[in-house]
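Undergrad: Can you look at this prediction? I've put the sequence above it.
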Amino acid sequence: MSNTYVTNRRYIHRLLSKTATSKEVLIVTSYDYFLQKHDLALLLKKYKEVILIPHSNDDDYLLNHTVRPLLDKFEKIHLVTNPQYDKRNRIIYELVVQKNKSIRITTVYDFCEKSLKKVYIPDNVSEINPNLLTIPTFGRRIRYPKKIIDVTISIILFLFTFPLWILSYFKIKIQSPGPVFYFQERVGMNNVAFNCIKFRSMGLDAEQNGASFSKKNDSRTFSYGSYMRLSRIDELPQIINIFKRDLSLIGPRPERQVFTETFDELIPYYNMRHNIKPGITGYAQVMYTYGAGVYDARHKLMYDLYYIKNWSLVLELKIILKTAVVIFGKRGR
């Protein structure tokens, strides 16, 4: 697919696609941080153009010089609105009506869930997503099949990977003397702390300067530790956490309290991810590239909350399959 990305006066981003299946234009009147590359690739298969209009101080000029020309090219407009920008939405609607063109309007909240399969998390802590006024906890209808999946796959996985446990034990001992297992306190369901168990992949002095996010090509890891992180072998001991009922196989990844406290202050709805058990892997892990910090935590939360709101057996199995692809493709963090 051949795409061209053009920036027009810093206010508008236009993406063109030769493979779009319709001649409809998508206009997003919202700060575009929630759209990732794979989101845009998906949308460009459906829409001829995707126009992202972030906030500006001169909406009248911006819309009349960017939106109006589009109406000469397209008969159909799909407007994704954010109530934060009512003035801008009204201007676009009036322009469309004047041109006697077809328009359909979707809120950014519904658009994210239905088209992008994630929940919109406002960038502004004062903004409210009406789709998140309530979010469920998992009842028996979900907990029981999840428990069956957790126990069954964990037993199979343990038996299948047992030789790796033995190999990892000796490799770690040889390359980095010290404990083989690493215990780290993480925040679980209902904000209850538990000790997450992993194979140690870093030196004993890895956090001598305080807690920090791990990252790709982390200099704190030893040779086999890097391989374990890439292949996710270091996560295998978390099977024990599943048997101890601290973790589920699928769910939001558990974070350390020092980070969750910060995220809870800066990211709207962040604490809702603690409504269910965290997981060894999750929807956010297979849908979002590795990253650390508030920006990435907000993006991951979009997927975590979608998983909680829209859980299904199909989605659960899809995440398991995607995780297998990540592992065997050695695309770990």
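TA: Perfect, thanks for sending it. Numbers count the residues shown, from 1 in each chain.
Undergrad: For the residue positioned nearest the centre of the chain, give its distance to I197.
TA: In the chain, the residue lying closest to the centroid (Cα atoms, centre = their mean) is K300, at 2.9 Å. K300 is 22 Å from I197, where distance means Cβ to Cβ, to the nearest Å. The way it works is simple: take the backbone N, C-alpha and C, and place the C-beta from them, glycine included.
Undergrad: Next: R140.
TA: Between R140 and I197 the computed distance is 28 Å (Cβ to Cβ).
Undergrad: Likewise for I153?
TA: For I153, the distance to I197 under the criterion Cβ to Cβ works out to 17 Å.
Undergrad: Can you find the helix or strand in this protein with the smallest mean pLDDT?
TA: Between all helices and strands in the chain, the lowest mean by mean pLDDT, DSSP states H and E belongs to strand 3-8, at a mean of 33.
Undergrad: Just want to know which of I153 and I197 has more residues nearby.
TA: Neighbours of I153 and I197, each counted by other Cβ atoms under 10 Å, are more numerous for I197; the result is 19 against 16.
Undergrad: Show me where the stretch 1-150 of the chain has its strands.
TA: In the stretch 1-150 of the chain, strands defined by DSSP state E, counting those that start in this stretch lie at 3-8, 12-17, 25-29, 49-52, 76-81, 102-107, listed in chain order.
Undergrad: now the angle from the last one to strand 25-29?
TA: For strand 102-107 against strand 25-29, the angle between stretch directions is 40 degrees (axes from the mean of the first three to the mean of the last three Cα atoms, to 10 degrees).
Undergrad: and strand 102-107, what other elements does it pack with?
TA: Contact partners of strand 102-107 among helices and strands, from 3 or more Cβ pairs under 8 Å, 6 or more residues apart in numbering; DSSP states H and E: strand 76-81, helix 86-98.
Undergrad: Domains in the chain, by residue range?
TA: The chain breaks down by automatic domain parsing into domains covering 3-116, 140-328.
Undergrad: Go through these and find the least confident stretch.
TA: Mean pLDDT across the domains of the chain is lowest at domain 3-116; the value there is a mean of 76.
Undergrad: Tell me where the stretch 151-300 of the chain has strands.
TA: The residue ranges that make up the strands of the stretch 151-300 of the chain, judged by DSSP E, counting those that start in this stretch, are 181-187, 193-199, 248-250, 279-281.
Undergrad: Just say which of those is most tucked in.
TA: Sort those by mean neighbour count, taking mean count of other Cβ atoms under 10 Å, and strand 248-250 sits at the top with a mean of 26.
Undergrad: Strand partners (parallel or antiparallel) of it?
TA: When pairs are called by DSSP bridges, strand 248-250 turns out to pair with strand 279-281 (parallel).
Undergrad: where's the strand it pairs with relative to the chain centroid, distance-wise?
TA: Mean-position distance between strand 279-281 and its chain equals 14 Å (Cα atoms, centre = their mean, to the nearest Å).
Undergrad: for stretch 174-193, same thing?
TA: Between the mean C-alpha location of stretch 174-193 and the chain-wide mean there is a distance of 24 Å, by Cα atoms, centre = their mean.
Undergrad: for that stretch, how far is the first residue from the last?
TA: Stretch 174-193 has an end-to-end distance of 32 Å (Cα to Cα, to the nearest Å).
Undergrad: Now do that stretch: everything it contacts.
TA: Contacts made with stretch 174-193 from outside it, assessed by Cβ atoms under 8 Å, 6 or more residues apart in numbering, are listed as 168-169, 172-173, 194-204, 222-225, 237, 246-247, 254-257, 260, 271, 274-278.
Undergrad: For stretch 143-158, which residues meet the burial criterion?
TA: 146-147, 149-150, 153-154, 158 (16 or more other Cβ atoms under 10 Å).
Undergrad: got a list of contacts for stretch 274-282?
TA: With contact meaning Cβ under 8 Å, 6+ apart, stretch 274-282 is reached by 135-138, 186-191, 235, 238-239, 241-242, 245-254, 303-304, 307-308, 319-320, 323.
Undergrad: Span of it from start to end?
TA: Length of stretch 274-282, first residue to last, Cα to Cα: 13 Å.
Undergrad: and if you look at stretch 97-107?
TA: Taking Cα to Cα, the span from the opening residue of stretch 97-107 to its closing residue is 19 Å.
Undergrad: Also stretch 284-302?
TA: First-to-last residue span, stretch 284-302, Cα to Cα: 8 Å.
Undergrad: what does stretch 280-293 give?
TA: End-to-end distance for stretch 280-293: 20 Å, by Cα to Cα.
Undergrad: gap between that stretch and the chain center?
TA: Relative to the centre of its chain, stretch 280-293 is centred 6 Å away, using Cα atoms, centre = their mean.
Undergrad: residues of that stretch that come out buried?
TA: 280-288.
Undergrad: Quick one: residues contacting the closest residue to G279 other than its chain neighbours.
TA: The shortest distance from G279 to any non-neighbouring residue, by Cβ to Cβ, 6 or more residues apart in numbering, is to G251 (3.0 Å). Residues in contact with G251, defined by Cβ under 8 Å, 6+ apart, are 276-279, 282, 307.
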